[in-house]
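*Asks:* Just need the structure, nothing else, for what follows:
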Amino acid sequence: MGPRPVTAASGPTALDEPGTLDASPGAEPHPLIRTTTAWLGGARLGLAVMALLVGAAAGIGAAGFRWLIYAVTWLATGYQQFGQQGHVPSLHLPSLGIWFVLVIPVVGGLLYGPLIQRFAREARGHGVPEVMVAVAENGGRIRPQVTVVKALASAICIGTGGSVGREGPIVQIGSALASSLGQLVRMSEGRLRIIVACGAAGGIAATFNAPITGLFFGFEVVLREFSLDALFATSLAAVTGDVVSRAFFGSAPFFDQIPHDLAITHDSAYLLVIVLALLAGLIGVGFKAFLYGLEDRIDDLWQGRPEWARPVVGGVALGLVLLALPQMYGVGYPVMNNVIAGHVVLWLIVLFLLGKILAASLTLSIGGSGGVFAPSLFIGAMAGMTFGTVAHDVFGPAIGPPAIYAVVAMGGVFAAASQAPLTAIASAIEMTGNFTLTLPIMLACGIAAAISKHFSYGSIYTTKLLRRGIDIERPRTATVLQTLTVADVMQPLARHLDGHSHPPSTARTQHDGGAVADERWESLAGLPTRIARPQELFGEETLEQALRQLVLYGRAGLPVLSHDGEQLQGWITRQNVLRALADSVEASGPDIERGAVAADFAADDPTASAHAASAPLGGYEIVEVSIAPESPALGRRLDQISWPPGCLVVAVTEGREIVPPHPDSKIRVGERIILLAPTDAPQPQARATSAATSDA
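*Replies:* Have a look, this model is predicted:
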């Protein structure tokens, strides 16, 4: 009986539908190339070199992407940046007058809609969630074509009126480029995830001339974990990206028209900052809720219709918004500069705030491509300027100029929307050059992020993934010791402790090896071999803390007390901890599969492709041989079978369990033998048959 065909698995258990390393050896690379790629992919210095390369590439990509947006905007309007001019016609379409804003978004949708649908559906939307899920669930792997498709689609969307930012696209562009380079040199998943974060950090740093913001964004939003290697590499990428960007755009702060010497001179103004932080937190949560609520409504209306046409039809609605408020056209940074400089009246600032929430949400809901970072900053600046203007009129000049509150609220709204306060703090400080406002910005961002966490689960980035059924913030198996508490896994033993006093006894000291004289136990079961004072352990302590105390003080286990120390809640042993880890591993299987499907949602059959090897081992395949009743190997030992040259028996099954192979184990019906075999090896069943026949 020949070996069972090996195909990509689609079921929940890999061995039920075994996967394969479907690889061909191919042409052998030059030894120098092989050595270089191995060094780049494995050595610590190689990681640093890769971070420098990725940072430089992200810097060049950010500059090129900005110019691409300018070019598309100029083709559509005749201006490099449009919106701040108000109701003016396109220089290229003067006959249409201001009505051209009804036409341009439709034309843009007709271009980028089919482009995204045909070549890279990951490029739809704000881009950062796709990078986050690739890092969290797909080992940092992003398809190379995303780099080009995202750049073109986002430039067309923004240049033709999409009211979104360019930071989301450049994060996805830089990350996709970094992922492609990392896969080229065959990096491990751990290092590939770091390199993807480097691409995001370099892109943000280059886009906003803000290397600290890029560093925090790479850690807090994309990588979501800390290690020294990651910190070193991400710092290199952020600095390199910023240096490259400065060669093109100079070293001035990104918002160069906002005063750079703003400062709070009266401590009472911090009370106003606290009030503004609360408002910013609510506005950030409201922006997220409105965005996804509108997307749900448009999904319902568009159900069953072709996705490529969605931006075309939706472009009409966007054009109507732009007709009423042309200042919402594109990213909107020039408008922000005018508002914070004090050139816009109060009622129009409020209108800009509401208009940006609507325009940005509509752009993304109809299938547009762009970021939410810039809209968050815009909304925050409008809210802060409104608050500062009113407060200035009520309390007088002692509280400082309204621009202070605009800068503070920029960070606060983004902190609430993204739930990434460190990135928000750095962005508001670096992009405006107001390092003197560090304290109020820190205060506002911390409060706003806490408000957001209290009222909603998930940030404006992770909510997009939650709606696909994947929670990248869920506790992982690797961190179960930090997330589970003693009370979660202990054996319950409820009893009130009636004090800790007991009669003094010389036997109540620790003894090992040998009996301890104690008449109370001798008449019941025998002499105790060990008596020791128990270590106190509390139910709210984590398993990581408990494991240390179990190793040091509790070979047989430890008592678990309530937080007040008055109640005995239970008993915990090392076996309880191991069982919790095993349960976590077992339960994590479906979550991991759902995450892989979510990360590869653009594939035609993501469920099947999730089980296909993403980095196949060249020249080898996994072969699984099922033992049937007529198998000639039945009843023989593993070491009696002459497998083809180069084949290694790596595992056998006992029922549904996978166990290591033992040479003297006898082969039984229903078992499966798993081999790692060269792709050019002869059929293993045929060799097993002849070997068994010759031995008989």
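*Asks:* And the strands in the stretch 101-250 of the chain?
*Replies:* Counting by DSSP state E, counting those that start in this stretch, no segments of the stretch 101-250 of the chain form strands.
*Asks:* likewise the chain?
*Replies:* 491-496, 537-538, 558-561, 567-572, 620-626, 648-654, 657-659, 672-678 (DSSP state E).
*Asks:* quick one: which of those is nearest Phe216?
*Replies:* Phe216 sits nearest to strand 537-538 of all these, at 34.6 Å, using CB to CB. In this view, the C-beta of every residue, glycine as well, is placed from N, C-alpha and C.
*Asks:* that older thread, if you average pLDDT over each of the strands of the chain, which comes out lowest?
*Replies:* Lowest mean pLDDT within the strands of the chain: strand 491-496, at a mean of 74.
*Asks:* So which of the strands of the chain is nearest Asp591?
*Replies:* strand 657-659 (20.6 Å).
*Asks:* what's in contact with that closest one?
*Replies:* Leu15, Ala651, Val652, Thr653, Ile674 (CB atoms under 8 Å, 6 or more residues apart in numbering).
*Asks:* now stretch 562-582
*Replies:* With CB under 8 Å, 6+ apart, stretch 562-582 has contacts from 477, 480-481, 484, 486-497, 536-540, 543, 546-547, 550-551, 554, 556-561.
*Asks:* Going through these, which ones are buried?
*Replies:* 477, 480-481, 484, 486-487, 489-490, 537-539, 543, 546-547, 550, 554, 557-561 (16 or more other CB atoms under 10 Å).
*Asks:* So which of these belong to helices?
*Replies:* Val480, Leu481, Val486, Ala487, Val489, Leu543, Ala546, Leu547, Leu550 (DSSP state H).
*Asks:* residue contacts, the nearest residue to Tyr79 once chain neighbours are set aside?
*Replies:* Distances taken as CB to CB, 6 or more residues apart in numbering place Thr73 nearest to Tyr79, at 6.6 Å, with adjacent residues excluded. Contacts for Thr73 (CB under 8 Å, 6+ apart) come out as Tyr79, Gln80, Gln81, Phe82, Ile158, Gly159, Gly330.
*Asks:* which one of the residues you listed is nearest Val585?
*Replies:* Closest to Val585, out of all of these and judged by CB to CB, is Ile158, at 44.7 Å.
*Asks:* so the closest one makes contact with Leu68?
*Replies:* No: contact status for Ile158 versus Leu68: not in contact, 9.4 Å apart, counting by CB atoms under 8 Å.
*Asks:* Looking at the two, which one has more neighbours?
*Replies:* Ile158 (31 against 19; other CB atoms under 10 Å).
*Asks:* I'd like the distance between the residue nearest in space to the middle of the chain and Asn434.
*Replies:* Residue closest to the mean C-alpha point of the chain, counted by CA atoms, centre = their mean, is Met132 at 2.6 Å. When distance is defined by CB to CB, to the nearest Å, Met132 is 29 Å away from Asn434.
*Asks:* hey, where'd the helices end up in the stretch 551-696 of the chain?
*Replies:* 574-599, 606-609, 684-695 (DSSP state H, counting those that start in this stretch).
*Asks:* Quick one: mean pLDDT for the first one?
*Replies:* What it means is helix 574-599. In the prediction, helix 574-599 has an average pLDDT of 76.
*Asks:* For that helix, what is the distance to the chain centroid?
*Replies:* 19 Å (CA atoms, centre = their mean, to the nearest Å).
*Asks:* quick one, that helix and helix 543-553 angle?
*Replies:* If you take axes from the mean of the first three to the mean of the last three CA atoms, to 10 degrees, helix 574-599 sits at 150 degrees to helix 543-553.
*Asks:* Now do helix 574-599 against strand 567-572, angle only.
*Replies:* 80 degrees.
*Asks:* residue contacts, Phe65?
*Replies:* Per CB under 8 Å, 6+ apart, neighbours of Phe65: Ala151, Ser154, Ala155, Arg166, Pro169, Ile170, Ile173.
*Asks:* Swap in 6 Å and give it another go.
*Replies:* Counting by CB atoms under 6 Å, 6 or more residues apart in numbering, Phe65 makes contact with Ala151, Ile170.
*Asks:* now the residue lying closest to Val171 once chain neighbours are set aside: how far from Arg186?
*Replies:* In space, Val171 comes closest to Ala200 once its chain neighbours are excluded; the distance is 4.6 Å by CB to CB, 6+ apart. Distance of Ala200 to Arg186, computed by CB to CB: 21 Å.
*Asks:* Over to Leu276?
*Replies:* 50 Å.
*Asks:* These two: which is more packed in?
*Replies:* Leu276 (27 against 16).
*Asks:* quick one: that one from Leu358, how far?
*Replies:* 23 Å.
*Asks:* Would you confirm that Pro663 contacts Leu638?
*Replies:* Yes: if you go by CB atoms under 6 Å, Pro663 and Leu638 touch, sitting 5.3 Å apart.
*Asks:* Mind checking which of the two has more residues around it?
*Replies:* Leu638 (17 against 9).
*Asks:* per-residue confidence at the more buried one?
*Replies:* 83.
*Asks:* Against Glu566, how distant is it?
*Replies:* From Leu638 to Glu566 the distance is 59 Å (CB to CB).
*Asks:* What of Arg468?
*Replies:* Separation of Arg468 from Glu566 (CB to CB): 47 Å.
*Asks:* Just want to know which of those two has more residues nearby.
*Replies:* Under the criterion of other CB under 10 Å, the comparison of Arg468 against Glu566 puts Arg468 first, with 15 against 11.
*Asks:* ok so, going back, state the distance from the residue nearest to Val171 to Leu40.
*Replies:* Applying CB to CB to Ala200 and Leu40 gives a distance of 20 Å.
*Asks:* Mind checking which of the two has more residues around it?
*Replies:* Neighbour count, other CB under 10 Å: between Ala200 and Leu40, Ala200 has more, with 35 against 22.
*Asks:* check contacts around the more buried one.
*Replies:* Contacts for Ala200 (CB under 6 Å, 6+ apart) come out as Val171, Gly174, Ser175, Gly218, Val222.
*Asks:* Output the residues you listed as TSV; include the columns pLDDT, neighbour count and distance to Phe255.
*Replies:* TSV is the format used below for those (pLDDT from 0 to 100; neighbours: other CB atoms under 10 Å; distance: CB to CB, whole Å):
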residue	pLDDT	neighbour count	distance to Phe255
Val171	91	34	20
Gly174	90	36	22
Ser175	91	35	25
Gly218	92	33	22
Val222	92	27	24
